[in-house]
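Asks: Sequence and predicted structure, then a few things I'm wondering about:
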Amino acid sequence: MPVDADPVAERAAETPPEADALPINELFHSLQGEGKLAGVPSVFVRTSGCNLRCWFCDSYHTSWEPSHAWLTIDEIVAEIEGYDADHVVVTGGEPLIHEETVDLLERLDERGYHTTVETNGTVAVDAPIDLASVSPKLASSTPTPERDPTGEGDWEQRHEQRRLDHEALATLVERYPTQLKFVVTGPDDVAEIDRTVEELRERTETTIDDADVLLMPEGQTRSDLDETRGVVADLALEHGYRYTPRLHVDLWNDAPGT
Ligand SMILES: C[S@@+](CC[C@H](N)C(=O)[O-])C[C@H]1O[C@@H](n2cnc3c(N)ncnc32)[C@H](O)[C@@H]1O
Ligand SMILES: Nc1nc2[nH]cc(C(=O)O)c2c(=O)[nH]1
Ligand code: SF4
Ligand SMILES: [Mg+2]
């Protein structure tokens, strides 16, 4: 359920409290829609704020136009404990730009939760993470002036400079069980996926199987996915990578809190 419609929002501070806190855009219970754990009931904690600006970002209100309430780590943990779930997905925005995300992950680990972190792979942290769900951003994600949803085009260069950090990616792959989940817009993306995976294999001792490389169709809505999912499934088959659906979009389209 989005924070705006949640009772927590009524208690939540609009400015950062003194205690350890995170800017939270939404906190809800759903089925993990993406990746190796697709279908698993999970609590989602969505932080606000991102260091990138993908033109296609399906969480516009955490990146292009961030909005949030400040919740203390205590409040977030209490809210999570109110659901009957043992999996927690920490996402954003980019959750790893906030130091306090590490504190949240430590508290969840102490309580025995399985944690997945959805990250763009540009920030390496040291935290108890059970699955690093890393989604490195390809050139096709860059907000060129024609694609920038605000029409300004002023994030193009910053996004381009930051989107791939091979050192951070290698650290994440070495530290955590990892899935590499690439958003695919079409066949032209595959060459950059091949190069990125190769570069990573050269930088790390850790084995990266093709089955750990997931191709996910770009699409914020069912009708977007109607255009992309077949093409991306065929690319996965052709190149030996894994396909991941966007189960939540198939089930609930682009409804918030799903
Ligand atoms: C909103 S992001 C938040 C986490 C992190 N910033 C990242 O990009 O990995 C959550 C996931 O949604 C994916 N995503 C965002 N917009 C998408 C779109 N239009 N189509 C498919 N996947 C998308 C991201 O690549 C990432 O795997
Ligand atoms: N159901 C559901 N599964 C998801 N897996 C990753 C998500 C994300 O936004 O990070 C997401 C999401 O927003 N909803
Ligand atoms: S990195 Fe993630 S949250 Fe940031 S703009 Fe891209 S998809 Fe959105
Ligand atoms: Mg999402």
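Replies: Perfect, I can see it now. Ligands and ions are numbered 1, 2, ... in the order given.

Asks: Quickly find the element holding the residue in the stretch 151-258 of the chain that ligand 2 sits nearest to.
Replies: Distances between the stretch 151-258 of the chain and ligand 2 by CB to the nearest ligand atom are smallest at His248, namely 3.2 Å. Any C-beta I mention is one placed from the backbone N, CA and C, and that applies to glycine too. Using DSSP states H and E, His248 sits in helix 247-252.

Asks: And that helix, what does it pack against?
Replies: Judged by 3 or more CB pairs under 8 Å, 6 or more residues apart in numbering; DSSP states H and E, helix 247-252 is in contact with strand 21-31, helix 222-239.

Asks: What residues sit buried inside it?
Replies: Residues of helix 247-252 classed as buried under the neighbour-count rule (16 or more other CB atoms under 10 Å) are Leu247, His248, Val249.

Asks: ok, these vs Val213, which is closest?
Replies: Leu247 (19.0 Å; CB to CB).

Asks: need the contact list for that closest one.
Replies: Leu247 makes contact with Leu31, Gln32, Gly33, Glu34, Ala38, Gly39 under the criterion CB atoms under 8 Å, 6 or more residues apart in numbering.

Asks: switch to 10 Å and redo it
Replies: Leu247 sits next to Ser30, Leu31, Gln32, Gly33, Glu34, Gly35, Ala38, Gly39, Thr258 when contact means CB atoms under 10 Å, 6 or more residues apart in numbering.

Asks: Okay, the second one and Cys57: tell me how far apart.
Replies: The one in question is Leu31. When distance is defined by CB to CB, to the nearest Å, Leu31 is 21 Å away from Cys57.

Asks: Who has more neighbours out of these two?
Replies: Neighbour comparison, Leu31 and Cys57: the larger count goes to Cys57, with 19 against 16 (by other CB atoms under 10 Å).

Asks: What segments of the stretch 101-250 of the chain are helices?
Replies: Taking DSSP state H, counting those that start in this stretch as the test, the helices found in the stretch 101-250 of the chain are 156-162, 166-175, 190-203, 222-239, 247-252.

Asks: So which elements touch the fourth one?
Replies: Right, the one you point to is helix 222-239. Here helix 222-239 touches strand 178-184, helix 190-203, strand 213-217, strand 242-243, helix 247-252, going by 3 or more CB pairs under 10 Å, 6 or more residues apart in numbering; DSSP states H and E.
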